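Chemist: here is a sequence together with a model predicted from it:
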Amino acid sequence: MQNIVQITDVTLDELLDKIGKTFAERTSPKAVSFTPVMITVLNKKEASKTLNISESLFDKFQARGILPTTVIAGYNRQHKPINRWCQHHLLLIRPIILKLKYCQSEDQYLKTKEEIYSILGI
């Protein structure tokens, strides 16, 4: 959405100064808040519901490496990490997964896997 402003009785120097200030305000860094953020960690059942796919399809995608686990949620009795999925990561990749829902092409699986990994920064 663009805002339209009518300018009257302004010199060229004043106009350039105003545009410069507006540009500086838009590009200046904002104050960073260091408040703690809650990360929602999901198990397989909740993750498949978030993605709006069945658990069997979720298993299929996970076996192909399309759905990477992104959080270590703890350790099991053998002291191996238990990996889970973050809700905000799954919401980012949800549209991509829904496009892949009825796909059977190996090439499309590989392209989707690369796209998801690039979105998540893995």
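Modeler: Now that the structure is in, tell me what you want to look at.
Chemist: alpha carbons only for contacts and neighbour counts from here, please
Modeler: Noted.
Chemist: contact partners for the residue nearest in space to the middle of the chain?
Modeler: Centroid check for the chain by Cα atoms, centre = their mean gives L92 as the closest residue, at 3.6 Å. Applying Cα atoms under 8 Å, 6 or more residues apart in numbering, we find L92 in contact with I119.
Chemist: you'd agree it is in a strand?
Modeler: No: using DSSP: H, G, I helix; E, B strand; the rest coil, the assignment for L92 is helix, not a strand.
Chemist: and it, how far is that from A73?
Modeler: Look at L92 and A73: by Cα to Cα, to the nearest Å, they are 20 Å apart.
Chemist: try Y109
Modeler: Separation of Y109 from A73 (Cα to Cα): 27 Å.
Chemist: give me the more crowded residue out of those two.
Modeler: Legend: neighbour count by other Cα atoms under 10 Å for Y109 and A73, higher for Y109 (18 against 15).
Chemist: secondary structure element holding that one?
Modeler: Following DSSP states H and E, one finds Y109 within helix 106-120.
Chemist: tell me the buried residues in that helix?
Modeler: Burial within helix 106-120, assessed by neighbour count using 16 or more other Cα atoms under 10 Å, is assigned to 109, 112-113, 116.
Chemist: show me where this structure has helices.
Modeler: Remark: helices assigned in the chain by DSSP state H are 12-27, 44-51, 55-63, 87-100, 106-120.
Chemist: appreciated, that's everything.
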